[in-house]
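Peer 1: Could you work out the structure for the sequence below:
(2 chains)
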Amino acid sequence: MTAKTIRTRGGLSLRVAPRSALVVLLLLALALTASVVLIGTGDFPMTPAEVLATLTGGGTPAQEFIVHDLRLPRVLVGLLVGAALGLAGAVFQSVSRNPLGSPDVIGFGQGSAAGALTVIVLFHGDTFAVAGGAVVGGVITGLAVYLLSWQKGIHGYRLVLVGIGATAVLTAARDYLMTKADIVDAARSMVWMVGSLNGRDWAQVWPLLIVCGVVFPVVFGQGRSLRMLEMGDDAAYALGVRAERCRLVLVVAAVLLTAVATAAAGPVAFVALAAPQLARRLTRAPGPNLAAATCMGAALLVGADWASQRVFGADQLPVGAVTGMLGGCYLLWLLVTERKAGRI
Amino acid sequence: MSRLAAESVTLAYDRRVIAEDLSVAVPDNSFTVIVGPNACGKSTLLRALSRMLKPTAGSVLLDGSAIDSYPAKQVARTLGLLPQSSVAPDGITVGDLVARGRHPHQGLLRQWSREDERIVVESMAATGVDALAERYVDELSGGQRQRVWIAMALAQQTPLLLLDEPTTYLDIQHQIEVLDLCAELHEEQGRTLVAVLHDLNHAARYATHLIAMRDGRVVAEGAPTDVVTAELVERVFGLRCQVIEDPETGTPLVVPAARRSRTATAATAGAVRPAGSPAP
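Peer 2: Reported below is the predicted structural model:
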């Protein structure tokens, strides 16, 4: 057994796999370091030391303004969106026992996009209304896909297939909406659909922070039951896990996370699919690896945002395009090396 | 006295009724084996006894109360189940999988006590998989894997253990190995076992209490020596046979009649066969 145990005199005990814990800590450090560097990046560059000084209240008024009003909220949105997508992806991949069972593959992103576009094109709504439309679209799609996949429980392939069907329908609906849009709305829609962190401010941070603050503990609390569910409903039930109830709680939580993340940053590609896969290859631990996937998602998104600003200049390329490229290449590379090692 | 019993239960999948008004009591400290032809409802009965399937009428009683009135984890500390099919998570080691059997005894703040550790080590030793602890489950042979799953069920430390066809898909030597292990658990650790088995001779050899089912009804139950007779085998399985004494154990041994004699008598017996009884 690889896990280490920490015990107290009162009979409490925690079980930790050292490698997983190390991966989580490193990814967290990576995400936070990238955040600091990212705050210092832009037309008004700052060194990491200046950023840290400003964050702790020791900057000039100009630095204060740039950090607190402009760049910090954007980075926080990036961290939270990445973490939420990473966690939602880990939950869905575990529940469906299929790496393709990620929210972005099974139509939730498309659902949110359809919701947002409806608001943009038909109602010409402001940013808040668009975010609301995205949440509603994502949640409705999530619940519809779950209900349609239901057949005495949820089975991996069925969920993926129903999700792909839903994606096709929603993409068609989205394209139809685009034909109805005037050029301004169409441009706005396109930018929204790639997924971007440009111009995110505190108004996006608070709702994200509140939802994550409520949903994260719920998901992590169910983490142990989720590990049992991976052995099949019968085995989980035999071990005292109420399989169906546990799964429903987790799916609703993951749908919510995906919806608020998409509402804040648009359907950022690939994070929910890649983060759990990358995380578990680093931890080499069985199970959903919830904490590692969460930190991986955050690191991936902030890192991608930094790369897009650094390489392509400020606000040129939306972060969603970079996550797609970076995450996709890394995953392909991993799969190729693993095939050589004969593990896949 | 029996801790686990089904009281006039009706068992159905959707609207397809498998058994009606079925009552079964599992004698305490027995090694009970349920036998019967395919689709007789034996696995369904086991699913109901292990609360995987909720009866549409009647109830399954655990220690005198309806089994679904207990919290799930409490039942899981009393009654273990080895399902017919379980999925080993990718990349899990034997030790980690067996450790999962401790789940019903653990909580968020009590994740791994010394007792957990001791019981996992003991369970692996009892099933002979202790040497495999660091190996990946997907690398093991079918027989080894089945022993690992049994070790996990053992680590659950339940006085009652239900096994759904534990020998299916195994070679003969692994079948006997698994059954020997069950007998050991029953005799040495005093657990009550309930197993569904396909092989009547295995059942007769290992069971202390036999339940023979057909078409969702219990046809006979009792000690194998009383239950396994040529007449009963024909009634339950529709197979003409001789029952002789097992030269190794003295338990009943079913020897099917030769094909020629079976076809010859079937032709003549067919005319007088009562309605509703099976074709041979």
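Peer 1: Quick one: neighbours of B:Leu87, just the number.
Peer 2: No, residue B:87 isn't Leu; it's Val. 11 (other C-beta atoms under 10 Å in any protein chain shown). In this view, the C-beta of every residue, glycine as well, is placed from N, C-alpha and C.
Peer 1: how about it, what does it touch?
Peer 2: B:Val87 sits next to A:97, A:230-232, A:235 when contact means C-beta atoms under 8 Å, 6 or more residues apart in numbering or on different chains.
Peer 1: Quick one: residues contacting the residue of the stretch 151-280 of chain B found nearest chain A.
Peer 2: Nearest residue of the stretch 151-280 of chain B to chain A (C-beta to the nearest C-beta) works out as B:Gln156 at 6.9 Å. Neighbouring residues of B:Gln156 by C-beta under 8 Å, 6+ apart: A:238-239, B:76-77, B:80, B:101-102, B:104-105.
Peer 1: State the pLDDT value of the residue of the stretch 201-344 of chain A found nearest chain B.
Peer 2: Using C-beta to the nearest C-beta, the single residue of the stretch 201-344 of chain A nearest to chain B is A:Gly240, 3.0 Å away. pLDDT for A:Gly240: 90.
Peer 1: and B:Thr249, that one's in a helix?
Peer 2: No: counting by DSSP: H, G, I helix; E, B strand; the rest coil, B:Thr249 falls outside a helix, being coil.
Peer 1: That one: neighbouring residues, count only.
Peer 2: Per other C-beta under 10 Å, the neighbour tally for B:Thr249 reads 11.
Peer 1: And the strands in chain B?
Peer 2: With DSSP state E as the definition, chain B shows strands at residue ranges B:4-13, B:16-26, B:31-35, B:57-62, B:65-66, B:79-82, B:160-164, B:192-196, B:209-214, B:217-222, B:241-245, B:252-256.
Peer 1: these two touch, right, A:Pro119 and A:Gly125?
Peer 2: That one is not Pro; residue A:119 is Val. Yes: taking contacts as C-beta atoms under 8 Å, A:Val119 lies within contact range of A:Gly125: 4.2 Å.
Peer 1: higher neighbour count, these two?
Peer 2: A side-by-side neighbour count of A:Val119 and A:Gly125, using other C-beta under 10 Å, places A:Val119 first with 23 against 16.
Peer 1: check contacts around that one.
Peer 2: By C-beta under 8 Å, 6+ apart, the neighbours of A:Val119 are A:125, A:129-130, A:132-133.
Peer 1: Equivalent analysis for B:His186, please.
Peer 2: Contacts of B:His186 (C-beta under 8 Å, 6+ apart): B:29-31, B:192-193, B:208.
Peer 1: Show me which residues of the stretch 101-250 of chain B are close to chain A?
Peer 2: B:101, B:103-104, B:106, B:108-114, B:117, B:133, B:153, B:156 (C-beta under 8 Å from any C-beta of the partner chain).
Peer 1: hmm, back to that, filter the contacts of B:Val87 down to the ones in helices?
Peer 2: Secondary structure defined by DSSP state H assigns A:Ala235 of the contacts of B:Val87 to helices.
Peer 1: Determine which two of the contacts of B:Val87 are furthest apart.
Peer 2: Based on C-beta to C-beta, the longest span within the contacts of B:Val87 runs between A:Arg97 and A:Ala235 and measures 12.7 Å.
Peer 1: Give me the more crowded residue out of those two.
Peer 2: A:Ala235 (25 against 19).
Peer 1: Let me know the pLDDT of the more buried one.
Peer 2: pLDDT recorded at A:Ala235 is 89.
Peer 1: For B:Ser85, which non-adjacent residue is spatially closest?
Peer 2: Distance criterion C-beta to C-beta, 6 or more residues apart in numbering or on different chains; nearest residue to B:Ser85, sequence neighbours excluded, is A:Gly232 at 6.6 Å.
Peer 1: where does the one you found fall, phi/psi-wise?
Peer 2: Dihedral angles of A:Gly232 (phi, psi; degrees, to the nearest 10) stand at phi 100, psi 150.
Peer 1: That one: neighbour count?
Peer 2: The burial count assigned to A:Gly232 is 18, neighbours taken as other C-beta under 10 Å.
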